[in-house]
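Visitor: have a look at this prediction, sequence included:
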Amino acid sequence: MKVDCLVIGGGVVGAAIFNKLTRIGKRVALIDKASDVATGASKANSGIVHAGHDPEPGTLKAKLNVEGSRIFPALCKRLSVPLKNCGALVVGDDYNKVKALYDRGQVNKVKGLEILNREQLLKIVPNLQDNITVGLYAKTSSIVSPYLLTITLAEEGIINGGKVFLEEDLVSCKKQGGVYVVTTKKNTFETKYIINSAGAGYNEVANILGTETYDIKFRRGEYFVFSKQSTTRVPCTIFPLPTAIGKGVLITPTVDGNFLVGPTGQDSDDVTKTTADGLNEIRAKAGLIIKDINFKNAIREFSGIRVISGDDFIIENSKKAEGVVNIAGICSPGLTSAPAIANYVCKLLKFPTKELENLKKIEPYKMLKDYPVKVQNEMIARDKNYGEIVCKCEKITKGDVLNALNRPLKVRSVDAVKRRTNAGMGLCQGGFCFTKVVNAIREVRKIRYEDVLKENRGSEVAVGDIRDEN
Ligand SMILES: Cc1cc2nc3c(=O)[nH]c(=O)nc-3n(C[C@H](O)[C@H](O)[C@H](O)COP(=O)(O)OP(=O)(O)OC[C@H]3O[C@@H](n4cnc5c(N)ncnc54)[C@H](O)[C@@H]3O)c2cc1C
């Protein structure tokens, strides 16, 4: 396949770049080794669109965080991806540390920052711990579903001419007659430009491309997810004062109505897992911020891996291979920065950033329950699949699942359906819907049980028949 640009890695960064390149008229392909986009750090983070007071002034992190957060409202509106401007607080008992954050925010040109005393803080978060006396309020801080954003960026790119290839294993890259010939186990791509946005896999990809590798470290962040039924009020994102290793164990609502507590920050390998030590640390630290967290209401634990290379993002043209852009060490605030990173990459490649006219608009992810009752009844009358509940907890119907499977990005995993519909995200965590989703995937993709995945290759939901179905 001949393209102008090949993006390797479909996290939020690669998807934002892919999306942008399609919008400026490039022929572009995105490849990922996983079975879906957003299966790396982009599915397992706090989902916060940071205001930008945290990064060190003068860094790429600071610049792209602030630019990214300004792009988010219009971007999410265009993509119909829910973005909730709930604001964020950084709270503690040390005025000077809060003031230092405020000052840093001013240098980074963050709008809407305010220092609040305890009385003002309690008006926003009545259940704050007694020893908290001061806080920084960041009005522009918002929350988003990081995976729905990534998926929708990729899908909008597809309907505007881009191609996404999943489950691709890179084999080699050679330069022939001025173009790179990149081969995977399934395909060959001829391209002038390559963007390595493979996150934790950056060095592995760089070794195949023959480009710069960097000293990359991993830091695991573990979380608890709380049920929507929890009575604890979490009206906005609440951070403790930051430390040398990060922004600390925070509490944040999600756009779906749950709340998260975490992340920890252990130096680690790149394996996602939760640990007793990590979860105990969260239990201890969350109680330092608000009073009434009841961990009996936690319905799930998960972890995400921060990919760190030095103190700043690395986004640069390769000196070893002309036309290759290296993107490494995109830890937090990488989600917030992703749309600004896409613009930055266009500038590095000297591409015009002006977008084409008449670009197509992606259909929103809307479930039956999101429509007025009258419309719901009409939909059920038209299509009986909307009358069949697949996920009782989240009230997701078979029609919703089939819709998700029939969108531009063709997936075959239960977790991919979960990220698109929320089936499996409720109290029973998939106990009821798992097999129903598996069957829907089989029906739409016309595949065997053994070919349906939980998440990635190697997580097949079945190994074969134990008796003849006939
Ligand atoms: C615990 C935690 C909390 C965070 N909280 C926030 C937050 O609240 N706000 C914020 O702004 N940022 C946050 N971040 C940072 C943000 O999540 C990341 O910066 C962002 O998701 C990075 O996106 P990415 O596309 O670079 O990487 P990824 O999402 O990891 O994507 C990389 C992709 O490359 C693919 N890949 C890897 N190797 C190969 C290969 N050999 N061939 C092909 N494809 C390959 C992977 O499958 C993956 O899809 C957080 C991160 C963590 C870990």
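Guide: Here it is on my side, so go on. Values in this document were obtained by computation on a predicted structure and should not be read as measured data.
Visitor: report the contact partners of the residue of the stretch 151-300 of the chain found nearest the ligand.
Guide: Nearest residue of the stretch 151-300 of the chain to the ligand, counting by C-beta to the nearest ligand atom: Gly201, 2.0 Å away. Where C-beta positions appear, they are placed from N, C-alpha and C, glycine not excepted. Residues in contact with Gly201 (C-beta atoms under 8 Å, 6 or more residues apart in numbering) are Gly9, Lys33.
Visitor: mind checking the SS state of it?
Guide: The three-state label given to Gly201 by DSSP: H, G, I helix; E, B strand; the rest coil is helix.
Visitor: tell me where the model's unsure across this structure.
Guide: Within the chain, the stretches with pLDDT under 70 are 469-470.
Visitor: recalculate using a threshold of 50.
Guide: Scanning the chain for pLDDT under 50 picks out nothing.
Visitor: how about the helices in it?
Guide: 12-23, 60-79, 95-107, 118-124, 146-159, 202-209, 276-286, 334-348, 373-382, 398-405, 414-421, 434-445 (DSSP state H).
Visitor: can you tell me which of these is packed in deepest?
Guide: Greatest average neighbour count among the helices of the chain goes to helix 12-23 (a mean of 29), per mean count of other C-beta atoms under 10 Å.
Visitor: burial count for Gly431?
Guide: Using other C-beta atoms under 10 Å, Gly431 has 12 neighbouring residues.
Visitor: apologies, that question was intended for Asp270.
Guide: Neighbours around Asp270, by other C-beta under 10 Å: 16.
Visitor: check contacts around it.
Guide: Residues in contact with Asp270 (C-beta under 8 Å, 6+ apart) are Ala200, Phe218, Ile305, Val307.
Visitor: which of those tops the neighbour count?
Guide: Val307 (23 neighbours).
Visitor: so what sits opposite that residue in the bridge?
Guide: Counting by DSSP bridges, Val307 forms beta bridges with Phe218.
Visitor: distance check, it against the ligand.
Guide: Separation of Val307 from the ligand (C-beta to the nearest ligand atom, to the nearest Å) stands at 7 Å.
Visitor: phi and psi next, for the closest residue to Leu359 other than its chain neighbours.
Guide: Spatial nearest neighbour of Leu359, excluding adjacent residues (C-beta to C-beta, 6 or more residues apart in numbering): Asn160 at 5.3 Å. When read as degrees, to the nearest 10, the backbone of Asn160 gives phi -100, psi 20.
Visitor: need the contact list for the residue nearest to Asn317 when sequence neighbours are not counted.
Guide: Setting aside the residues directly before and after it, Asn317 is nearest to Leu348 in space (C-beta to C-beta, 6+ apart), at 5.4 Å. For Leu348, the contact set (C-beta under 8 Å, 6+ apart) comprises Ile315, Glu316, Asn317, Val325.
Visitor: how about the second one, what does it touch?
Guide: With C-beta under 8 Å, 6+ apart as the criterion, the residues that contact Glu316 are Val325, Asn326, Leu348.
Visitor: quick one: the second one and Val205 touch, right?
Guide: No - between Asn326 and Val205 there is no contact under C-beta atoms under 8 Å: 9.5 Å.
Visitor: the ligand contacts on the protein?
Guide: When proximity is defined by C-beta under 6 Å from any ligand atom, the chain lies next to the ligand at 8-14, 31-34, 39-42, 45-48, 50, 170, 197-201, 204-205, 221, 263, 304-306, 330-336.
Visitor: just the buried ones among these, please.
Guide: Neighbour-count burial (16 or more other C-beta atoms under 10 Å) is assigned, among the residues of the chain next to the ligand, to 8-14, 31-34, 39-42, 45-48, 50, 170, 197-201, 205, 221, 263, 304-306, 330-336.
Visitor: doesn't Ser69 make contact with Ala338?
Guide: No - if you go by C-beta under 8 Å, Ala338 and Ser69 don't touch, sitting 10.8 Å apart.
Visitor: quick one: the contacts of Asp270 as CSV, columns for distance to Tyr386 too.
Guide: Shown next, in CSV, are those (distance: C-beta to C-beta, whole Å):
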residue, distance to Tyr386
Ala200, 39
Phe218, 43
Ile305, 38
Val307, 41
